[in-house]
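Q: Predicted model, plus sequence, below.
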Amino acid sequence: MINAIQAKEIIVEVRNDVGVLFEMVKVISEKGINILAVEGSCDEKLAFIRLVTEDNLRAVDALRARNYQPQELDIVQVNFPHKPGMLRVMTERLAREGIEINHLYASAGISESYCTVVLSTSNNERAIVALNQ
């Protein structure tokens, strides 16, 4: 069973230096906030970190207090059984509805029974409806 909900991710643009991710997640973990999913990309000068946490409000406040400039973006958070073919089912439903995926990342352990996918689409509201069918 697929369970899709509306959520928010935190996006932080930082310099691409060794230890920058460590500094950011240290700030969040010191507040006792659990990170549910993370994605990062970079070029030579900049890194872009995307985070979904259990408490984005407190995480954003903690990052701002340390002079980061976090932004929040509406996303779709999807939980489904961690078994072969589930990502295919999810992406097939979106494709059938003509919904484009802007970005996507996932989190799952080998022994976990469920996985989490975070995505931003061309129409998050329609994506939630399509995924929950």
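A: Now that the structure is in, tell me what you want to look at.

Q: What is the burial count for the nearest residue to Thr116 once chain neighbours are set aside?
A: Nearest residue to Thr116, sequence neighbours excluded (C-beta to C-beta, 6 or more residues apart in numbering): Ser107, at 4.9 Å. In short, each C-beta sits where N, CA and C put it, glycine included. The number of residues packed near Ser107 is 15, by other C-beta atoms under 10 Å.

Q: Report the separation between Ser107 and Asp17.
A: Applying C-beta to C-beta, to the nearest Å, the value for Ser107 to Asp17 is 25 Å.

Q: And whichever strand in the chain runs longest, what does it pack against?
A: If you go by DSSP state E, the chain has its longest strand at strand 3-15. Packing contacts for strand 3-15, counted by 3 or more C-beta pairs under 8 Å, 6 or more residues apart in numbering; DSSP states H and E, involve helix 20-30, strand 46-53, helix 56-65, strand 71-81, strand 114-121, helix 124-131.

Q: Dump the last one to PDB, restricted to CA.
A: Okay, so that is helix 124-131. What follows is helix 124-131, C-alpha atoms only, in PDB (Å, rounded to 0.1, in the frame of the first residue of the first chain):
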ATOM      1  CA  ASN A 124       2.000  17.700  -6.000                       C
ATOM      2  CA  GLU A 125      -1.700  17.700  -5.200                       C
ATOM      3  CA  ARG A 126      -2.600  15.600  -8.200                       C
ATOM      4  CA  ALA A 127       0.400  13.400  -7.500                       C
ATOM      5  CA  ILE A 128      -0.800  12.700  -4.000                       C
ATOM      6  CA  VAL A 129      -4.300  11.700  -5.300                       C
ATOM      7  CA  ALA A 130      -2.700   9.400  -8.000                       C
ATOM      8  CA  LEU A 131      -0.400   7.800  -5.600                       C
END
